[in-house]
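1. no sequence for this one, just the structure:
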Ligand SMILES: C[S@@+](CC[C@H](N)C(=O)[O-])C[C@H]1O[C@@H](n2cnc3c(N)ncnc32)[C@H](O)[C@@H]1O
């Protein structure tokens, strides 16, 4: 049996260190139809289907580490080369990690139902999430959802019936049994307890979907200022700043948490948290005082920053903060838009 470190290298996708959207074909070193399972739990479904169809590539997403390690053992035991794992939140993966037009099939088997009404917003299957899942499917690509929770089933049915990115492949919105279905652990548990299951099989309806831009490191936003400034005075008594904005109907929360002076240097680093929908970034924004009299505001390499809309706004807010304390500075360049409110 391989050591865990070797299994991690072979089966786990190091998504934090890679360009987004991920190049899944390159990660598998072959171009084959791609299938996704979200929240694979004990992994029996993923292993079963990947064994039956070796000519397809399988990506499994799971948040919990124990099931992932158990899956590694199964992959290795069976010698499967067509399964890879993403350890991350499925919402984040669907929003940021996957290109559109990529999956032949997506399976969401028994997602956590969050039964209490005040927790419904935590449910994975939301309108915006399903829209992104639909875009990640190839034309006529299929989404299968299974749940044994009656209220969640009605919630899912309502969302599916009120959108037009996916169309039903069955006669009814949902069905109680599916022929040829590979049974998952939660499905079996429900059957043994006499609880009904609900299956949805919908396919992508749109002819075309827009490609997502690649978020490259070299495209990171920045602002250049020029003039005499004492950055210690600028950041003296810095207190947390919070901003709440919206982009394309997604709430964006930006927190400029703390400012640190870099040891032995005139530069400052602003610890920053950015939440855009389900995408969370914790990064450092550098305010560098260069010898040629230029002040540059840009992200540091800490936290694998991505050039999202929220990141641009965070740079904008830091630059605005510096300018508010040092209005004598001139704006030389800005890739984050006008620095005027
Ligand atoms: C109720 S279990 C179902 C497991 C399996 N699919 C089955 O049918 O037996 C839900 C699984 O989804 C995982 N999960 C929950 N929320 C997730 C998320 N946001 N992203 C990825 N996995 C998630 C949980 O860790 C858990 O393993």
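-> Cool, the structure landed. Everything quoted here is computed from the prediction, not taken from an experiment.
2. list the contacts for residue 34?
-> Listed by Cβ atoms under 8 Å, 6 or more residues apart in numbering, the contact set of residue 34 reads 24-25, 56-59, 102-104. Where you see a C-beta, it was placed from the backbone N, CA and C, and this is true even at glycine.
3. and with 7 Å instead?
-> If a contact means Cβ atoms under 7 Å, 6 or more residues apart in numbering, then residue 34 has 24, 57, 59, 102-104 as its contacts.
4. next: residue 277.
-> If you count contacts by Cβ under 7 Å, 6+ apart, then residue 277 has 95, 250 around it.
5. if I look at the residue of the stretch 201-341 of the chain at minimum distance from the ligand, how far off is residue 75?
-> At 8.1 Å from the ligand, residue 278 is the closest residue in the stretch 201-341 of the chain, using Cβ to the nearest ligand atom. Distance of residue 278 to residue 75, given as Cβ to Cβ, to the nearest Å: 27 Å.
6. what's the answer for residue 259, then?
-> Distance of residue 259 to residue 75, given as Cβ to Cβ: 45 Å.
7. do residue 238 as well
-> 48 Å.
8. between the two, which is the more surrounded one?
-> Each of residue 238 and residue 75 has its neighbours counted (other Cβ atoms under 10 Å); residue 75 has more, 24 against 16.
9. just checking, the more buried one touches residue 12?
-> No - using Cβ atoms under 7 Å, residue 75 and residue 12 do not qualify as a contacting pair, with a distance of 10.6 Å.
10. stretch 165-183: which residues count as buried?
-> Across stretch 165-183, burial judged by 16 or more other Cβ atoms under 10 Å covers 165-166, 173-174.
11. quick one, what contacts residue 251?
-> residue 244.
12. can you tell me the SS state at it?
-> Under the three-state scheme (DSSP: H, G, I helix; E, B strand; the rest coil), residue 251 adopts strand.
13. so how far is stretch 318-338 off the chain centroid?
-> Relative to its parent chain, stretch 318-338 has a centroid offset of 31 Å by Cα atoms, centre = their mean, to the nearest Å.
14. and the stretch 1-150 of the chain, which residues reach the ligand?
-> 38-42, 61-64, 67, 89-91, 109-112, 124 (Cβ under 6 Å from any ligand atom).
15. just the buried members of these?
-> For these, a burial check counting by 16+ other Cβ under 10 Å picks out 38-41, 61-62, 67, 90-91, 109-111, 124.
16. farthest pair within those residues?
-> Largest separation among these by Cβ to Cβ: 67 and 91, giving 18.2 Å.
17. tell me how many other residues crowd residue 276.
-> Considering only other Cβ under 10 Å, residue 276 is surrounded by 24 other residues.
18. follow-up on the earlier one: of the residues of the stretch 1-150 of the chain next to the ligand, which belong to helices?
-> If you go by DSSP state H, those have 67, 90-91 in helices.
19. OK, contacts around residue 310?
-> Taking Cβ under 7 Å, 6+ apart as the test, what residue 310 contacts is 252, 254, 274, 276.
20. ugh, wrong one, I meant residue 319
-> Applying Cβ under 7 Å, 6+ apart, the residues near residue 319 are 223, 297, 339.
21. check what pLDDT the last one gets.
-> Just to be clear, that refers to residue 339. As predicted, residue 339 sits at a pLDDT of 76.
22. show me where the protein has strands.
-> Along the chain, the stretches classed as strands by DSSP state E are 34-38, 57-62, 83-87, 103-109, 137-147, 166-168, 198-204, 222-226, 241-247, 250-261, 268-276, 279-289, 294-299, 330-334.
23. JSON lines please, covering the ones you listed and showing distance to residue 5.
-> Converted to JSON lines, the strands of the chain look like this (distance: least, Cβ to Cβ, whole Å):
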{"stretch": "strand 34-38", "distance to residue 5": "25"}
{"stretch": "strand 57-62", "distance to residue 5": "19"}
{"stretch": "strand 83-87", "distance to residue 5": "15"}
{"stretch": "strand 103-109", "distance to residue 5": "29"}
{"stretch": "strand 137-147", "distance to residue 5": "34"}
{"stretch": "strand 166-168", "distance to residue 5": "40"}
{"stretch": "strand 198-204", "distance to residue 5": "38"}
{"stretch": "strand 222-226", "distance to residue 5": "36"}
{"stretch": "strand 241-247", "distance to residue 5": "39"}
{"stretch": "strand 250-261", "distance to residue 5": "33"}
{"stretch": "strand 268-276", "distance to residue 5": "30"}
{"stretch": "strand 279-289", "distance to residue 5": "25"}
{"stretch": "strand 294-299", "distance to residue 5": "30"}
{"stretch": "strand 330-334", "distance to residue 5": "44"}
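24. one step back: so which of the contacts of residue 319 wins on neighbours?
-> residue 297 leads the contacts of residue 319 on contacts (other Cβ under 10 Å) with 28 neighbours.
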